[in-house]
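**Student:** Sharing a model that was predicted from the sequence below.
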Amino acid sequence: MSVAILREGDYLIASIQSDLSDSEVVELRNELTELVGTHRSRGIVIDVAALVVIDSFVARALRSIVLSAKLRGAETVIVGIQPDVAIAMVHFRLNLQPLRVALDLDQARSLLERLTSGGGGDGR
């Protein structure tokens, strides 16, 4: 799988390096869900900057990661959505709830700090 998963304090950072097959997306979801429990992580950042397409399957998988992580006690923020990808996602009316997004890693960390410290903020 071409995803680097790093641990930074209470957060996991998953950087997708190239397009993933459907089975690799499912493997990523399972691995992140497991790591949240293992490391008692409070948040996940998923960097999708390398993806040139986010189709309906990947969008559903991202939603699944967000919901699974939430059930394990962690918030998730997606970063690095390319402009063309964002336009296509809106055009195809992909259901993006409850995804939270940020432009970059610094903004994602700030958002996670607010979300996990009880400070609110919905990432919109």
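**Tutor:** Sure thing, it's come through. Numbers count the residues shown, from 1 in each chain.
**Student:** where are the low-confidence patches of this structure?
**Tutor:** 1, 118-124 (pLDDT under 70).
**Student:** C-alpha coordinates for the longest helix along the chain, CSV please?
**Tutor:** Ordering each helix of the chain by length in residues (DSSP state H) puts helix 22-39 first. Written as CSV, here are the backbone C-alpha positions of helix 22-39 (Å, rounded to 0.1, in the frame of the first residue of the first chain):
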residue,chain,number,x,y,z
ASP,A,22,-10.3,-0.3,-3.9
SER,A,23,-8.8,-3.0,-1.7
GLU,A,24,-6.0,-0.6,-0.6
VAL,A,25,-8.6,2.0,0.4
VAL,A,26,-10.3,-0.6,2.5
GLU,A,27,-7.0,-1.7,4.0
LEU,A,28,-6.2,1.9,4.9
ARG,A,29,-9.6,2.3,6.7
ASN,A,30,-8.9,-0.9,8.7
GLU,A,31,-5.3,0.1,9.5
LEU,A,32,-6.2,3.6,10.7
THR,A,33,-9.1,2.3,12.8
GLU,A,34,-6.8,-0.2,14.4
LEU,A,35,-4.0,2.3,15.0
VAL,A,36,-6.4,4.8,16.7
GLY,A,37,-7.1,2.2,19.4
THR,A,38,-3.5,1.0,19.6
HIS,A,39,-2.1,4.5,20.1
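**Student:** helix or strand right after that helix?
**Tutor:** strand 43-47 (DSSP states H and E).
**Student:** counting contacts, what elements does that following strand pack onto?
**Tutor:** Using 3 or more Cβ pairs under 8 Å, 6 or more residues apart in numbering; DSSP states H and E, the elements in contact with strand 43-47 are strand 11-16, helix 22-39, helix 56-71, strand 75-79, helix 105-116. Where you see a C-beta, it was placed from the backbone N, CA and C, and this is true even at glycine.
**Student:** What angle do strand 75-79 and the last one make with each other?
**Tutor:** So that's helix 105-116. Inter-element angle recorded for helix 105-116 and strand 75-79: 160 degrees (by axes from the mean of the first three to the mean of the last three Cα atoms, to 10 degrees).
**Student:** So for helix 105-116, what gets flagged as buried?
**Tutor:** For helix 105-116, a neighbour-count test (16 or more other Cβ atoms under 10 Å) marks 105, 108-109, 111-113, 115-116 as buried.
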